[in-house]
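Asks: sequence plus predicted model, see below.
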Amino acid sequence: MKELVKAKHWEVITISLSALVLTILGIIGFLGLYAVDLKPSEEDYITIKVYARQFAWRFEYPNGETSAQLTLEAGKLYKLELNSEDVIHSLYIKELGIKRDVVPGMTNIVWLKVNKPGEFNIFCAEFCGAYHYSMITKLKVK
């Protein structure tokens, strides 16, 4: 009988600790997801429109200027609005761990902040036609 009471105590302790751990993990997960959904105020970032078409990229800056390569300032937050003018493409910047589909009729968003100056290749990672291999441009961070 004494062993049965001890076993019951251990069972209650084990279940209680498990419930506590799961509750803590749930709270951490919820807070993490909430933080991901927080949108910065419009003064805190610069919006750049990105247009993909067979077989080139075009970047439109807030002043209306367009360029075939992307030039950013280090340490600033950018919102890239991705649009396709023809078929499905995929913006891929390997060194920054960014890969996002660019789908016709849909605007996808990439938040980007690069802290160090440098030069990176931007590829299309979705087969988009015969000259897909040539759809490469540069990201220059000053």
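Replies: The structure has been received and is ready for your questions.
Asks: does Gly29 lie in a helix or a strand, and which?
Replies: In the assignment (DSSP states H and E), Gly29 maps to helix 2-37.
Asks: quick check: next helix or strand after that helix?
Replies: As assigned by DSSP H and E, the chain's next helix or strand after helix 2-37 is strand 45-53.
Asks: from the chain's centre, how far out does that next one sit?
Replies: Relative to its chain's centre, strand 45-53 lies at 14 Å (CA atoms, centre = their mean, to the nearest Å).
Asks: other SSEs contacting that strand?
Replies: Judged by 3 or more CB pairs under 8 Å, 6 or more residues apart in numbering; DSSP states H and E, strand 45-53 is in contact with strand 56-60, strand 77-84, strand 89-93. The C-beta positions use only the backbone N, C-alpha and C, and glycine is treated the same way.
Asks: indicate which one of the ones you listed is closest to Gly32.
Replies: Smallest distance to Gly32 across these (CB to CB): 19.4 Å, for strand 77-84.
Asks: what's the angle between the closest one and strand 45-53?
Replies: The directions of strand 77-84 and strand 45-53 differ by 20 degrees, with axes from the mean of the first three to the mean of the last three CA atoms, to 10 degrees as the criterion.
Asks: only alpha carbons, please: show strand 77-84 as CSV.
Replies: Output in CSV follows, covering the C-alpha atoms of strand 77-84 (Å, rounded to 0.1, in the frame of the first residue of the first chain):
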residue,chain,number,x,y,z
LEU,A,77,15.4,48.2,-42.7
TYR,A,78,13.9,47.6,-46.2
LYS,A,79,10.6,46.1,-47.2
LEU,A,80,10.9,44.5,-50.6
GLU,A,81,7.6,44.1,-52.4
LEU,A,82,8.0,41.2,-54.9
ASN,A,83,5.9,41.2,-58.1
SER,A,84,6.2,39.1,-61.3
